[in-house]
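Peer 1: Provide a 3D model corresponding to the input given below.
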Amino acid sequence: MKKFYMILAAIAAFAISAQAQTEGTINVGDWDDAELYNGSYFDMAPTNFYIAHTGAQMIYTPDLLTDLEGKQNVTITKLQFKFYCESWDEISRNVKVYLQETDATAFAVVEGIKQFFEFGEPAAETELSIDMLDYYGDDCTLEFPVDFEFTPGKSLLVTMVFDAQDDDNCTNGSDYAPFYTSGIMGKAMTYTDNWSSFVDYAQGEDFPDATAMNGCGTNVELPCTQISYTYEEEQPETGFFLVGTFNDWNQTAEGGRIAFNEYDVAEAEFEAGAEFKVITYDAQGNICWFGGQDENSVGYFLINEDMLGQGIMTVQGDNGANFRIQDAGTYEIGLAVLRSFNGSVYMTVTKKSPEAINTVGTDTKADNAYYNLMGVKYNSLPTVPGIYIHNGKKIIVK
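Peer 2: Numbering: from 1, shown residues only. Below you'll find the model as predicted:
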């Protein structure tokens, strides 16, 4: 398929965002297999080249834009329309594109007369010049780059104005270039005139009445359209967090939950009897809990002096018991193995003291050895990435 690439100068500056944008498209009508419009030569949206001055308004209602539901920070970036070229004329047009969102899903009717929508400043404007002979017999696409922030759940109102610089610059007879259309009725209205622009009509006393006497068509098919857009896809959180009684179990509390990642240790000040769990998020952003095994069925997994420095296999799921701290103090929690094993990860807990970090009953200052979070001893600096304790200090090997 051949395309007329139209370089439009956006009236508003393009927004620049540091956040990653996800791209998408919506097809209104069968974009890949559209049928040729066989209606009026005059009443075609968004334009026809048989008349020197045309205007069209098209309502893309929420039921046509369902792909936008639930998406955040949506920006309409491009509109595309298809047509079949049957002309060999050279056509020039000044094109203006107006975009706005509305709660309306249809054109208003006042005393039996359909009403156009008011429209303000154009979102984009360009000078279009086409030698139709270059495209004779081909399916063609007109592309209109735009930059319009849009709220899902609203209707998108598109107003397009095509004006010939020379009022005689039109296609001849049936050698027009009809746009493919989607067969959706009542969502588009048109204006046609050989001498006056739709912009001029919108400023006249007859506006917003859409009547045949004023060259308006009200029973027009919505053109086959492709709408391109971007949106910010909410990324699920990564890493692990401590939540518990110290922050009222609020897994999203800023400054309350405690984050820690691979080769990292979470430090927390616990009161005696404080309880906590480890959480993370899956690829869909759903929360995953890691608790204790609760071998004594007392409703909690007690972390006491005997458990400090020991490898604790956590249990994934809400049924895992809370970890309970027996004695108040400052503790460091590390994940010895981040990769899941039977739905679990290994955890170690050490208690800080003014002199050193307690490990598996070993005087780290005396033997100058290295210990991993599972309590395994190394006589020299390990080469395997991980967290190690050396002479009472945390060492990270990457």
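Peer 1: could you pull out the strands for the stretch 201-350 of the chain?
Peer 2: Ranges of strands within the stretch 201-350 of the chain are 216-223, 225-232, 240-244, 258-260, 265-270, 275-281, 287-291, 300-303, 312-313, 315-316, 322-325, 329-341, 344-351, based on DSSP state E, counting those that start in this stretch.
Peer 1: Need these in a markdown table (columns: mean neighbour count and mean pLDDT).
Peer 2: For every residue, glycine as well, the C-beta is placed using N, CA and C. Output for these, formatted as a markdown table (neighbours: other Cβ atoms under 10 Å; pLDDT from 0 to 100):
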| stretch | mean neighbour count | mean pLDDT |
| --- | --- | --- |
| strand 216-223 | 22 | 93 |
| strand 225-232 | 20 | 95 |
| strand 240-244 | 23 | 90 |
| strand 258-260 | 16 | 85 |
| strand 265-270 | 18 | 88 |
| strand 275-281 | 22 | 89 |
| strand 287-291 | 19 | 88 |
| strand 300-303 | 20 | 91 |
| strand 312-313 | 16 | 83 |
| strand 315-316 | 19 | 84 |
| strand 322-325 | 22 | 93 |
| strand 329-341 | 17 | 75 |
| strand 344-351 | 21 | 84 |
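Peer 1: Can you lay out the ones you listed as TSV showing distance to L142?
Peer 2: Listed next are these as TSV, based on distance: least, Cβ to Cβ, whole Å:
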stretch	distance to L142
strand 216-223	10
strand 225-232	11
strand 240-244	51
strand 258-260	50
strand 265-270	57
strand 275-281	44
strand 287-291	47
strand 300-303	66
strand 312-313	63
strand 315-316	54
strand 322-325	63
strand 329-341	52
strand 344-351	55
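Peer 1: For T151, find the nearest of these.
Peer 2: strand 225-232 (11.6 Å; Cβ to Cβ).
Peer 1: Within its sheet, name the partner strands of that closest one and how each one runs.
Peer 2: Using DSSP bridges, the strands paired with strand 225-232 in its sheet are strand 22-28 (antiparallel), strand 72-84 (antiparallel).
Peer 1: which sections of this protein are below the confidence cut-off?
Peer 2: Applying pLDDT under 70 to the chain flags residues 1-20, 173-176, 235-236, 255, 262-263, 337-343, 354-367, 373-375, 392-393.
Peer 1: any idea how it splits into domains?
Peer 2: For the chain, automatic domain parsing gives the domain ranges 2-232, 240-397.
Peer 1: T181 - that's part of a strand, no?
Peer 2: Yes: applying DSSP: H, G, I helix; E, B strand; the rest coil, one finds T181 inside a strand.
Peer 1: Is it in contact with E35, as I believe?
Peer 2: Yes: counting by Cβ atoms under 8 Å, T181 sits close enough to E35 to count as a contact (7.5 Å).
Peer 1: isn't S92 right up against Q165?
Peer 2: Yes: judged on Cβ under 8 Å, S92 makes contact with Q165 at a distance of 5.7 Å.
Peer 1: just to revisit the earlier point, wait, which of the strands of the stretch 201-350 of the chain is closest to F144?
Peer 2: strand 225-232 (10.0 Å).
Peer 1: Tell me how far that closest one lies from the chain's centre.
Peer 2: 10 Å (Cα atoms, centre = their mean, to the nearest Å).
Peer 1: who touches that strand?
Peer 2: With Cβ atoms under 8 Å, 6 or more residues apart in numbering as the test, strand 225-232 has contacts from 17, 19-29, 31, 58, 60, 65, 68, 71-81, 150, 156, 182.
Peer 1: follow-up on the earlier one: okay if I get the strands paired with strand 225-232 as a markdown table plus mean neighbour count and distance to V345?
Peer 2: Output for those, formatted as a markdown table (neighbours: other Cβ atoms under 10 Å; distance: least, Cβ to Cβ, whole Å):
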| stretch | mean neighbour count | distance to V345 |
| --- | --- | --- |
| strand 22-28 | 15 | 31 |
| strand 72-84 | 19 | 31 |
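Peer 1: Is it possible to get a markdown table of those that adds distance to V384?
Peer 2: Converted to a markdown table, those look like this (distance: least, Cβ to Cβ, whole Å):
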| stretch | distance to V384 |
| --- | --- |
| strand 22-28 | 38 |
| strand 72-84 | 41 |
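Peer 1: looking at those, which is closest to G186?
Peer 2: Distance to G186, taken as Cβ to Cβ, is lowest for strand 22-28 among the strands paired with strand 225-232, at 13.8 Å.
Peer 1: Could you list every helix and strand in contact with the next helix or strand after the closest one?
Peer 2: Downstream of strand 22-28, the first helix or strand assigned by DSSP states H and E is strand 35-36. Contact here means 3 or more Cβ pairs under 8 Å, 6 or more residues apart in numbering; DSSP states H and E; on that basis strand 35-36 packs against strand 180-193.
Peer 1: sorry, back to before: wait, which of the strands of the stretch 201-350 of the chain is closest to I395?
Peer 2: That would be strand 265-270 among those, by Cβ to Cβ, at 11.3 Å.
Peer 1: ok and the closest one relative to strand 344-351, angle-wise?
Peer 2: 60 degrees (axes from the mean of the first three to the mean of the last three Cα atoms, to 10 degrees).
Peer 1: can you give me the angle strand 265-270 makes with strand 240-244?
Peer 2: Using the same axes, to 10 degrees: strand 265-270 against strand 240-244 is 10 degrees.
Peer 1: Strand 265-270: how far from the chain's middle?
Peer 2: Between the centre of strand 265-270 and the centre of its chain there are 35 Å (Cα atoms, centre = their mean).
Peer 1: So which elements touch that strand?
Peer 2: strand 240-244, strand 258-260, strand 329-341.
Peer 1: Dump those to TSV, plus distance to P208.
Peer 2: Listed next are those as TSV, based on distance: least, Cβ to Cβ, whole Å:
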stretch	distance to P208
strand 240-244	56
strand 258-260	56
strand 329-341	63
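Peer 1: looking at those strands, which is closest to D131?
Peer 2: strand 258-260 (61.5 Å).
Peer 1: who's in contact with Q251?
Peer 2: Per Cβ under 8 Å, 6+ apart, neighbours of Q251: F241, V243, R257, I279, I287.
Peer 1: Widest-spaced pair of those?
Peer 2: So, those by Cβ to Cβ: farthest apart are R257 and I287, at 11.3 Å.
Peer 1: Which neighbours do these two have in common?
Peer 2: Common contacts of R257 and I287 (Cβ under 8 Å, 6+ apart): Q251, I279.
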